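Q: predicted structure and sequence below. I'll ask about it afterward.
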Amino acid sequence: MFGKLLHLSGVFSHTEDKTIAIRKAAAWMTPAIIISLIVPLNTGYTGVSNCIVTFTALYLSRKNPLTFYFSCTVLFCLSLYIPIGYSFGKISYAYVVSALQTNSGESLEFIRGTSLNTWLLMFSAILSIYLFARHGQDFDKKYRAIYFIAFILINLNTWPKRMLAATTAYALQANSALASLEKNSAVADNFQIISNRKKYKNVVIVIGESVARDYLSVYGYPHNTTPWLNTAPGYFYTHYISAAPNTFLSLPRTLTISDGIKTEENNSIVALAKRAGFYTHWISNQGFLGEYDTPSTVIASKAQHKVFFKKGDYNTNSTDDMALLDELQSVVNSNDYTHNAVFLHMIGSHPDTCSRLNGFPVSFDISRRQQLNCYLATLHKLDTFLERAHHILEQRGESYALIYFSDHGMTVDESERPVRHAADTRQNFNVPLFVFTSDTKKHIIDNTPISARKFMSLFEWIAGFDSDKVPAQSPDEASERNIMVFDGEHLVPYNELKDNIIIQ
């Protein structure tokens, strides 16, 4: 009898040991599995192989304190990218530049535009990393060196290493680009005007923000987002392609001499206009942190008359774009200068789109995503803005040219972040170009393909002068069959980019 009791006690003890072992294994394995699924898949590194490699690396790291704490630290840092990676994919140079330029206003708008699901994923990952750090230790002195070597070998080219290496390289590249702005701005331009027969007293260049051409009814979008532009007298270019997918990268490749990769901030369109005898005005509804903080402020620094509505970040206050028109009215009414070149820099349709409206009505209801409906309303508001600018110039009765383009397009879809920056589709580069002049009385659609890198040549041709470094070119002369765009890392053929579905 006593022997049977001992046998049963042994069985129960063995069962209890197995239960404890299972619980211990589950305590580290469950968070490890969650980490292996959530972190790579939501930082842009999709694929089962990345999940398997992550789990294997976590298992190997448990045997050595150095690899264990290193893995937990790295994965914690990478998990902080989940709110971005969930919507935008892998980290890129464009995103790093944007992060370095981000201010409190932009950060708050980004947070407001991020879905609850995204934050739950990030916090789930962080909680799982904490639980793994607490329960995953299984340090083995006997085989520590072997596990360490195995850990190193499996991580020679894994996604965390690639992501960390890319982030470091992009950060260094972005800091170098920012540092060069001030250096380049101190260099004088070296334009020489070789022909000067200015056509117009006032040349107004409106720099738009985040406008995707495909959503303008003047270009065929079925919802009436541009009622005035639909029939307005002017030239409407259907195949104008922006130089890059965000403001920081696009404007210097549009408004300075550029080969698509390198830019010459000293040889900007403002310096060019001054050389041609225009009195230059830069009036901006975007932020001004300092003369050398962004490419646009470096370009603006050359203007003889500068107005920035927002001292600080672009979201310092809620000044409406319509306030730019008051400044335009003052310039054309002053009659102080023989010729004016006026640059109006809008905040336009920059996300958060609903915040851009400032009371302008939302008359569209095509999506359950209100940000998308607001985006269409910002385009309607742009239509009203350009109609009023045109009226101001017409009412003055003097010769003028009014030019509008957007710095870049946007990805627009039905996702949780329906209006966002990207660089992998044509819609990120499809932007409008409109030209209105005092001597144009018809509505003319022009299908000539033009790269935004030719904008300075078009500006000279419209304004009526020519320089040695930038040849004046008509749209036909500036036309290119195989347009290249800068995606943040390389020049890529625009025609090889995929098309997004247009939301209707």
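A: On my side now, so go ahead. Numbers count the residues shown, from 1 in each chain.
Q: going forward, measure contacts between C-alpha atoms and count neighbours the same way
A: OK.
Q: all strands for the stretch 351-500 of the chain, in order.
A: Counting by DSSP state E, counting those that start in this stretch, the stretch 351-500 of the chain has these strands, from start to end: 400-406, 411-412, 419-420, 433-437, 443-451, 465-467, 484-486, 491-493.
Q: other SSEs contacting the third one?
A: Looking back up the chat, that one is strand 419-420. Applying 3 or more C-alpha pairs under 8 Å, 6 or more residues apart in numbering; DSSP states H and E, one finds that strand 419-420 contacts helix 370-396, strand 411-412.
Q: could you list the low-pLDDT ranges of the protein?
A: Low-confidence segments of the chain (pLDDT under 70): 1-17, 98-113, 287-293, 310-317.
Q: run the last query once more with 80
A: 1-21, 87, 93-115, 140-142, 174-175, 177-186, 287-294, 310-318 (pLDDT under 80).
Q: quick check: Ser128 touching Ala32?
A: Yes - checked against C-alpha atoms under 8 Å, the pair Ser128 and Ala32 is within contact range at 7.1 Å.
Q: sorry, back to before: format the helices and strands packed on strand 419-420 as JSON lines; extra columns: distance to Ser258 and mean neighbour count.
A: Shown next, in JSON lines, are those (distance: least, C-alpha to C-alpha, whole Å; neighbours: other C-alpha atoms under 10 Å):
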{"stretch": "helix 370-396", "distance to Ser258": "28", "mean neighbour count": "20"}
{"stretch": "strand 411-412", "distance to Ser258": "25", "mean neighbour count": "24"}
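Q: can you put the ones you listed in TSV and add distance to Tyr143?
A: Listed next are these as TSV, based on distance: least, C-alpha to C-alpha, whole Å:
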stretch	distance to Tyr143
helix 370-396	56
strand 411-412	51
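Q: to Ala169, which of those lies closest?
A: Closest approach to Ala169 among these is made by strand 411-412 (25.8 Å; C-alpha to C-alpha).
Q: list the contacts of the closest one.
A: Strand 411-412 has contacts (C-alpha atoms under 8 Å, 6 or more residues apart in numbering) with 372, 418-422, 425, 427-428, 500, 502-503.
Q: among those, the buried ones, what's the ChimeraX command?
A: A single ChimeraX command selects the buried members of the contacts of strand 411-412 (16 or more other C-alpha atoms under 10 Å):
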select :372,418,419,420,421,422,425,427,428
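Q: the contacts of strand 411-412 in helices, which ones?
A: Leu372 (DSSP state H).
Q: tell me the two of the contacts of strand 411-412 that are most distant?
A: The two members of the contacts of strand 411-412 with the most space between them (C-alpha to C-alpha) are Leu372 and Thr425, at 18.0 Å.
Q: what's the spacing between the spatially closest residue to Ile503 that is not a sequence neighbour and Ser457?
A: Nearest non-adjacent residue to Ile503, counting by C-alpha to C-alpha, 6 or more residues apart in numbering: Asp413, 6.4 Å away. Per C-alpha to C-alpha, to the nearest Å, Asp413 is found 34 Å from Ser457.
Q: ok, the two, which is more surrounded?
A: Higher neighbour count among Asp413 and Ser457: Ser457, with 24 against 17, using other C-alpha atoms under 10 Å.
Q: surely the more buried one touches Ser467?
A: No - between Ser457 and Ser467 there is no contact under C-alpha under 8 Å: 9.2 Å.
Q: dump the C-alpha coordinates for stretch 378-392 into PDB.
A: C-alpha atoms of stretch 378-392 as PDB (Å, rounded to 0.1, in the frame of the first residue of the first chain):
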ATOM      1  CA  THR A 378      -9.800  71.500 -49.600                       C
ATOM      2  CA  LEU A 379      -9.600  71.100 -53.300                       C
ATOM      3  CA  HIS A 380     -12.900  73.000 -53.700                       C
ATOM      4  CA  LYS A 381     -11.400  75.600 -51.400                       C
ATOM      5  CA  LEU A 382      -8.300  75.800 -53.700                       C
ATOM      6  CA  ASP A 383     -10.600  76.400 -56.600                       C
ATOM      7  CA  THR A 384     -12.200  79.400 -54.700                       C
ATOM      8  CA  PHE A 385      -8.700  80.700 -53.700                       C
ATOM      9  CA  LEU A 386      -7.500  80.700 -57.400                       C
ATOM     10  CA  GLU A 387     -10.800  82.300 -58.500                       C
ATOM     11  CA  ARG A 388     -10.300  85.200 -56.000                       C
ATOM     12  CA  ALA A 389      -6.600  85.600 -56.900                       C
ATOM     13  CA  HIS A 390      -7.500  85.700 -60.600                       C
ATOM     14  CA  HIS A 391     -10.200  88.300 -59.800                       C
ATOM     15  CA  ILE A 392      -7.700  90.500 -57.900                       C
END
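Q: give me the contact list for that stretch.
A: Against stretch 378-392 from outside (C-alpha under 8 Å, 6+ apart): 211, 215-216, 225-229, 322, 325, 328-329, 348-349, 353, 356-357, 360, 402, 436.
Q: same check on stretch 119-135?
A: 24, 27-29, 31-32, 34-35, 38-39, 68-69, 72, 75-76, 79-80, 82-83.
Q: flag every buried residue along that stretch.
A: With burial defined by 16+ other C-alpha under 10 Å, the residues of stretch 119-135 counted as buried are 119, 121-122, 124-129, 131-133, 135.
Q: among those residues, name the ones in helices.
A: Among those, the ones falling in helices (DSSP H) are 119, 121-122, 124-129, 131-133, 135.
Q: identify the farthest-apart pair in those.
A: Trp119 and His135 (24.1 Å).
Q: excluding chain neighbours, give the residue nearest to Leu304 in space.
A: Residue 304: Gln, not Leu. In space, and not counting its chain neighbours, Gln304 is closest to Thr280: 5.4 Å by C-alpha to C-alpha, 6+ apart.
Q: doesn't the one you found lie inside a strand?
A: Yes - with DSSP: H, G, I helix; E, B strand; the rest coil as the criterion, Thr280 is located in a strand.
Q: ok, and what's touching the helix or strand that Phe55 is a member of?
A: Using DSSP states H and E, Phe55 sits within helix 48-61. Helix 48-61 has contacts (C-alpha under 8 Å, 6+ apart) with 32-33, 35-37, 40-41, 67-68, 71, 147-148, 150-151, 154-155, 158-159.
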